[in-house]
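Enquirer: quick one: sequence plus predicted model below, questions after.
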Number of protein chains: 2
Amino acid sequence: MADLESLKADLGDITVVTDPAKVLMRSRDFYWYSPVLKRQLEAVCADLVVEPRDEAEVIRTLAACHRHDVPVTARGGGSGNYGQAMPLKGGVVLDLSRLDRLIAIGLGRVRAQAGARLFRIDQGCQEHAQQELRFHPSTWRMGTIGGFVAGGSSGVGSITYGTLRDRGNILGARVVTMEARPRVIELRGDAVQQVNHAYGTNGVITEVEMPLAPAYPWVDLMVGFADFMTAVRFADALARQDALTKKLIAPVAAPIPELYFRPLRSRVPEGTSVVLLMIAEPWIEAFRDFLAAWPGTILLERAAGDPKRKALPIFELSWNHTTLHALRIDPTITYLQVLYPPPAHVEHIEQMYRQFGEEVMIHLEFVRFDGQIACFGLPIVRFTTENRLDEIIRYHEDHGCPIFNPHAFTLEEGGMKQVDRTQLAFKRATDPQGLLNPGKMIGWENPDYAGMSRQSYLYKSLETAG
Amino acid sequence: MADLESLKADLGDITVVTDPAKVLMRSRDFYWYSPVLKRQLEAVCADLVVEPRDEAEVIRTLAACHRHDVPVTARGGGSGNYGQAMPLKGGVVLDLSRLDRLIAIGLGRVRAQAGARLFRIDQGCQEHAQQELRFHPSTWRMGTIGGFVAGGSSGVGSITYGTLRDRGNILGARVVTMEARPRVIELRGDAVQQVNHAYGTNGVITEVEMPLAPAYPWVDLMVGFADFMTAVRFADALARQDALTKKLIAPVAAPIPELYFRPLRSRVPEGTSVVLLMIAEPWIEAFRDFLAAWPGTILLERAAGDPKRKALPIFELSWNHTTLHALRIDPTITYLQVLYPPPAHVEHIEQMYRQFGEEVMIHLEFVRFDGQIACFGLPIVRFTTENRLDEIIRYHEDHGCPIFNPHAFTLEEGGMKQVDRTQLAFKRATDPQGLLNPGKMIGWENPDYAGMSRQSYLYKSLETAG
């Protein structure tokens, strides 16, 4: 057992939280989305939370923890939902939310401290040439940019710009290593991939540089369809409109909207599937002309300046928020993360839709994927047993639809990050004692694990990227 | 024969040019790119050129010409190359280049008079939130926005935003009809398609509203490859990088660069094929990492601020300028316009490359096309006879590669615009006497022609657009 009193003494004037209720709260994220993680991670709790005010305090904290052999798990807004920032072995939760400065904004890029919240970055970039982040998770109000890079992958805007794994969607990252004398490393270009979606296992990100997009006034829309597969085909065709600027195309099958979209369900006729949309205002006429050829009905339309849009932007019904709204109404449901591979994604979707019916209620997010239109799914699952959940996962995988398992807390089992030799070598260089977020990288504790790993990963191996 | 003296009297204080040399010059465009058009159009000449200063003068000119039964052919910068603005039946050339005001700039959109030159629009939009046109022809210095809409189709930037036929790439157009009392019509949304690529046969465009993109600092690059098909595969893979912002991806087969790129050929080793590129500065590091996996050598790199770039932007070696550089060295060559349909465009290219060798020297422009990466070709052809040119065209078409024939001056034979009933009905409403740019729309003189028309058109029929 580490000597926490000596550690605290070493931390000096750095803010430390020890109140057990607060420490427990900040040891958790939205892991309870998953009944599996809920069972596995319920007892996880840090010994204390440290709140550095700047990078110098991050360095002092890491040096002190290294000296006392105390694990450190970095945390941003705590809006992950695979336990990314949950301290499996206790020790320190390093809350980076006070590192919240915007450092520099230029045309096409912003540099910010890791703890800056996504909506604050967008607000700040609005003032410089009317820009905003290219994409963000639905947890835009709560999430931090460092947390997004360390534990996210895609989001609202991925229909235009792809996902975090794509070259050019993270321009740079500044990382502090976990050593007796922590070093500060600036990673640029492909080197950023080492800390991208690595859950903070190989360095503490203190700054990131992200690309920007124009901050158009976005019009929120919800379009209703009597038939779900028609909604999917509409969404796919809209995604292919190269000139029509959009930020969100999310088909949601009935009965999700009428059952779970509490704020909007009075607008949803029984049995209606919907497509949630964000269209840039200059292209709204083009959108209306496009819609005219489809049997879709606009159930909701809110212009960019609409105060109701501020209270509930449509993207807060999309991505992981769809599941959140469902969980609020029915805490027994859970969800999956699916890739329906292009170019046959519509056929894949239809097969799963026919197979499972309302047991697996489909919610899709259209994205750009290797230069093609593709489709992620975040279906809502009527949960019965862990065995049945495994069966559903296996059926998807056996039929060509990879699952990025949100019921696993390790990098490898989540299915996004492949822990290859390059990744392990980097971890050896940045965290030789294995003190950063221990237990999340199976390959670290068991270097042979890579041999057992699945074929398909969302993030490419660092050895074969090219 | 019309009474031109009475017409001139009716025009009053509107500027009229009658000097025969000047009238001949402004009756022509780059039609001489094509040996066929050179033969067919050599003798074409207007009777006089009218230079209205504003829309009121356009209206007065059209009313006067209508009264005297004089044909009117509208003209912008004269940078077309299918004789789009050449007055087949004489009469008046209506030079719109004095209507050159920028009317309004907002985030994502600009409204300008038709005669505004493309580079002036870009300059003006730079100052408002650092924006520019989404794409433009290589004749950016000379071409006008009205001419681009009336006679162009795609260009530098189409790799990101598609082409003018795509919904949302023209937001609006203001059009004056050819009637005793000319009306002014504002077309918006799909209605714009009626005058898009219609050569001014159905109304005189006086204003357009175009979408804008961020005006990133663009880095010009020329990357050399020993093998052309490797250059093509590199270009295709780069086009699929969703996060890497680019404006130009143009592979050019050897020996085009060494023979014809006079300003740069000292940089091109013998037998080298090149890819011309414009990459936005914030993503240049990502580009370098991407390039590292390919056997390509950077032969030229010019940062956005490089004065040499101002003198010769790389895009002035691309699109129709590639052919222009070749014609300057060898006036006997000509060219074609090909679509290599996705997703098998690379295979189509390889087949044509192997089939024709240096008789058809391939120059490609990657674009977005219906949500996919696709490829136009502007191959340079060693011209021998019109029969052989027809054979080459037929071979392409028989092997699944539609040709948009640049050796034809009518809308229909050019292969881009389908003159359907909607298009004809609009012409009847806007130009009942058939005085606007006569001879360019076969379907007007021969309504049965549509029945004979080809299967594939770049611009979709207005009846089936959806």
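Expert: Received it, and whenever you're ready, just let me know what you need.
Enquirer: once you drop chain neighbours, what's closest to the residue of the stretch 151-300 of chain A found nearest chain B?
Expert: Nearest residue of the stretch 151-300 of chain A to chain B, counting by CB to the nearest CB: A:Arg240, 2.6 Å away. Every C-beta, even on glycine, is put in place using the N, C-alpha and C of the backbone. Once flanking residues are discounted, A:Arg240 sits nearest to B:Gly371: 2.6 Å by CB to CB, 6 or more residues apart in numbering or on different chains.
Enquirer: for chain A, what are the low-confidence residue spans?
Expert: Along chain A, the model assigns pLDDT under 70 to residues A:1-2, A:450-457, A:459-466.
Enquirer: spatially central residue in it, please.
Expert: Nearest to the mean C-alpha position of chain A, counting by CA atoms, centre = their mean, stands A:Gly152 at 3.0 Å.
Enquirer: returning to that earlier point: show me the contacts for the residue nearest to A:Arg240.
Expert: B:Gly371 sits next to A:239-242, A:372-373 when contact means CB atoms under 8 Å, 6 or more residues apart in numbering or on different chains.
Enquirer: top strand in chain A by residue count?
Expert: Criterion DSSP state E: the longest strand present in chain A is strand A:204-214.
Enquirer: then that one to CSV, C-alphas only?
Expert: In CSV, the C-alpha atoms belonging to strand A:204-214 read as follows (Å, rounded to 0.1, in the frame of the first residue of the first chain):
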residue,chain,number,x,y,z
VAL,A,204,-0.7,12.6,-19.8
ILE,A,205,-2.0,14.9,-22.6
THR,A,206,-1.7,18.5,-21.5
GLU,A,207,-2.3,20.3,-24.8
VAL,A,208,-3.8,19.3,-28.2
GLU,A,209,-3.9,21.0,-31.6
MET,A,210,-7.0,20.3,-33.5
PRO,A,211,-8.2,21.3,-37.0
LEU,A,212,-11.2,23.6,-37.4
ALA,A,213,-14.2,23.9,-39.8
PRO,A,214,-16.4,26.8,-40.6
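Enquirer: give the next helix or strand downstream of that strand.
Expert: Tracing the chain C-terminally past strand A:204-214 and defining elements by DSSP states H and E, one meets strand A:218-225 next.
Enquirer: hmm, that following strand in reach of chain B?
Expert: No: Strand A:218-225 lies apart from chain B when judged by CB under 8 Å from any CB of the partner chain; the minimum separation is 11.1 Å.
Enquirer: do stretch A:115-126 as well
Expert: No: using CB under 8 Å from any CB, stretch A:115-126 never reaches chain B; the gap is at least 10.5 Å.
Enquirer: for that stretch, buried residues please.
Expert: A:115-122, A:124-125 (16 or more other CB atoms under 10 Å in any protein chain shown).
Enquirer: repeat that for stretch A:263-275.
Expert: Quick answer for stretch A:263-275 (16+ other CB under 10 Å): A:264, A:268, A:272-275.
Enquirer: in the stretch 51-200 of chain A, which spans are helices?
Expert: A:55-68, A:118-126, A:145-151, A:158-161 (DSSP state H, counting those that start in this stretch).
Enquirer: what helices or strands is the shortest one leaning on?
Expert: The helices and strands touching helix A:158-161, judged by 3 or more CB pairs under 8 Å, 6 or more residues apart in numbering or on different chains; DSSP states H and E, are strand A:204-214, strand A:246-252, strand A:364-369.
Enquirer: dump the ones you listed to a markdown table, plus mean neighbour count and distance to A:Val23.
Expert: As requested, the helices and strands packed on helix A:158-161 are exported to a markdown table (neighbours: other CB atoms under 10 Å in any protein chain shown; distance: least, CB to CB, whole Å):
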| stretch | mean neighbour count | distance to A:Val23 |
| --- | --- | --- |
| strand A:204-214 | 25 | 19 |
| strand A:246-252 | 26 | 36 |
| strand A:364-369 | 25 | 34 |
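Enquirer: to B:Ala231, which of those lies closest?
Expert: Closest approach to B:Ala231 among the helices and strands packed on helix A:158-161 (CB to CB): strand A:364-369, 24.1 Å.
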